[in-house]
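K.L.:
fold the following.
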Amino acid sequence: MSRDPLFKLSEAGLFCPRGAFYVDPWGAVSTAVITHAHADHAVKGSRRYFTAEPGRRVLWSRMGQHAKIEPLAFGQSVDLNGVKVSLHPAGHILGSAQVRAEYKGEVWVISGDYKVAPDATCAAFEPVRCHTFVTESTFAQPIFQWEPQQATFAKIHDWWRSNQALNRASFLYSYALGKSQRLLAGVDPSIGPIFVHRDIETVNELYRQSGVTLPKTRVPNAGMTIEEWGHSLILQPPSARWAQGFPHLGHFASAFVSGWMMLPQGSQSRRVQEGFPLSDHADHKELLSAITATGAERIMVTHGYIDEFVIELKSLGFDAVPMRTPRCRKPPRVTEQPAVV
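P.N.:
So this is what the prediction gives:
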């Protein structure tokens, strides 16, 4: 292995000096390798972007029509100033990738955000062997243990049907990119009509153009009837509050879909009546299993419960160190045990 680390933190983000490229920079740079198109990982203004081919449409829509985006098939490598770079499925959202970088036999993998649960809207996570693994720690606490997603979808279906029996619309809050499409791919459209916020529908079209099958969806303003209202599932991003704009149509129920719903008072903190813990990130056990599968000699922990996870990994015999960036926010304090699910 080389004397100097292959990557280092700089003012613009995680930088590979030998390869002269950045991974998910938080500013405009010459060459950016992007793990996925969420706003905290992809920023406008760079001269050149590399991304996984399945996510190129989504990234292009966010970076602008003049962005120079060079898509790579999963497993395809490119030589960046002598550093061999390839992208491998992260299972987070459509086109999400882990970045593998190799130089003189030393291999680093920057995972970005990842999950190991199956998802019909994106390629499944694949462990990549390496010497140094950079992992997120968004849900790296024992309280976060996801139930099988089929069980979560069954609960959403039951909730939707119970609302129909009371003739009230079912408002489901979910993130516009990734989570909403996963929900749409998993819910049963035979239960009733499905409406989505225009921002979600914009992403839906990008997914459909990329070959992902989603059920028929409509924007509520496009001819929703009073009869449909009481039977509808309506997806909207957390920033929207459509229900307040339709008081003339009748009663509604609200729910939020997020891994944070595992926390005590999770739904109350979002001011909704129900919470469904479905996440596009790995839970605590999945993080540990994914890290073990890499065979990495060093684990760098970022984005989440950094200090707590570093301590745990060290107790398990890993060489773990924190990697803090300006994007690392302090996560909610965990003080109680999870509910049995």
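
K.L.:
for stretch 271-291, list the C-alpha coordinates in CSV.
P.N.:
Extracted in CSV, the C-alpha atoms of stretch 271-291 (Å, rounded to 0.1, in the frame of the first residue of the first chain):
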residue,chain,number,x,y,z
ARG,A,271,-46.9,16.3,12.6
VAL,A,272,-48.5,13.3,10.9
GLN,A,273,-50.9,10.6,12.3
GLU,A,274,-48.9,7.5,11.3
GLY,A,275,-45.3,6.6,10.6
PHE,A,276,-43.9,3.8,8.4
PRO,A,277,-40.2,2.9,8.9
LEU,A,278,-39.1,2.2,5.4
SER,A,279,-35.6,3.5,4.6
ASP,A,280,-33.3,3.8,1.6
HIS,A,281,-30.3,3.4,4.0
ALA,A,282,-28.9,0.3,5.6
ASP,A,283,-29.9,-0.4,9.2
HIS,A,284,-27.5,-1.1,12.0
LYS,A,285,-27.0,-4.8,11.3
GLU,A,286,-26.9,-4.3,7.6
LEU,A,287,-24.1,-1.7,8.0
LEU,A,288,-22.1,-4.2,10.0
SER,A,289,-22.6,-7.0,7.5
ALA,A,290,-21.7,-4.8,4.6
ILE,A,291,-18.5,-3.6,6.2
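
K.L.:
what is the mean pLDDT for that stretch?
P.N.:
For stretch 271-291, mean pLDDT is 95.

K.L.:
okay, now the unreliable bits of this protein?
P.N.:
For the chain, the stretches with pLDDT under 70 are 1-3, 222, 241-250, 266-270, 335-341.

K.L.:
got the domain ranges for it?
P.N.:
Residue ranges for the domains of the chain, per automatic domain parsing: 8-143+280-322, 149-276.

K.L.:
I'd say Leu6 and Thr132 touch.
P.N.:
Yes: applying C-beta atoms under 8 Å, one finds Leu6 in contact with Thr132, separated by 7.4 Å. Yep, even glycine has a C-beta here, placed from its N, CA and C like the rest.

K.L.:
okay, the domains of the chain in JSON lines with mean neighbour count and distance to Arg329 next?
P.N.:
Output for the domains of the chain, formatted as JSON lines (neighbours: other C-beta atoms under 10 Å; distance: least, C-beta to C-beta, whole Å):
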{"stretch": "domain 8-143+280-322", "mean neighbour count": "20", "distance to Arg329": "8"}
{"stretch": "domain 149-276", "mean neighbour count": "18", "distance to Arg329": "13"}
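
K.L.:
returning to that earlier point: and for Leu6 and Thr132, which residues touch both?
P.N.:
With contacts defined as C-beta atoms under 8 Å, 6 or more residues apart in numbering, the residues adjacent to both Leu6 and Thr132 are Glu106, Trp108.

K.L.:
one step back: please name whichever of the domains of the chain is nearest to Cys328.
P.N.:
Nearest of those to Cys328, taken as C-beta to C-beta: domain 8-143+280-322 at 5.6 Å.

K.L.:
that closest one: end-to-end distance?
P.N.:
13 Å (C-alpha to C-alpha, to the nearest Å).

K.L.:
how about stretch 189-196?
P.N.:
First-to-last residue span, stretch 189-196, C-alpha to C-alpha: 13 Å.

K.L.:
redo the domains of the chain as JSON lines? Include distance to Val334.
P.N.:
Formatted as JSON lines, the domains of the chain follow (distance: least, C-beta to C-beta, whole Å):
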{"stretch": "domain 8-143+280-322", "distance to Val334": "5"}
{"stretch": "domain 149-276", "distance to Val334": "7"}
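
K.L.:
contacts only, for Tyr49.
P.N.:
The neighbours of Tyr49, taking C-beta under 8 Å, 6+ apart as the test, are Ala32, Val33, Ile34, Ala42, Leu59, Met63, Ala67, Lys68, Ile69, Glu70.
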